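[1] All I have is the shape, not the residue letters:
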């Protein structure tokens, strides 16, 4: 990611945010986890964080 112009200090943060979103989707699709307001707010905050980093 460093060679593509992305700051190396943000790589770990981005990987953790993307992993949280993927695990959220896996939980909903495969494990039939309920979608709660708290989970949705968490994903929105993650996406907002990714936007603010860029």
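    In hand now; what should we look at? Keep in mind the model is a prediction, meaning the values are calculated, not measured.
[2] which parts of the helix or strand hosting residue 43 are buried?
    With secondary structure defined by DSSP states H and E, residue 43 is part of helix 37-53. Neighbour-count burial for helix 37-53, counted by 16 or more other C-beta atoms under 10 Å, picks out residue 46. Where you see a C-beta, it was placed from the backbone N, CA and C, and this is true even at glycine.
[3] For that helix, enumerate the helices and strands it packs against.
    helix 11-29 (3 or more C-beta pairs under 8 Å, 6 or more residues apart in numbering; DSSP states H and E).
[4] Now do the helix it packs on, average pLDDT.
    The average pLDDT within helix 11-29 is 89.
[5] just how off-centre is that helix within its chain?
    Taking C-alpha atoms, centre = their mean, to the nearest Å, the mean C-alpha location of helix 11-29 is offset from the chain mean by 4 Å.
[6] Give the other helices and strands that that helix contacts.
    helix 37-53.
[7] tell me the contacts of residue 46?
    By C-beta atoms under 8 Å, 6 or more residues apart in numbering, residue 46 lies in contact with 17, 20-21.
[8] Skipping its backbone neighbours, what lies nearest it in space?
    Distances taken as C-beta to C-beta, 6 or more residues apart in numbering place residue 17 nearest to residue 46, at 4.7 Å, with adjacent residues excluded.
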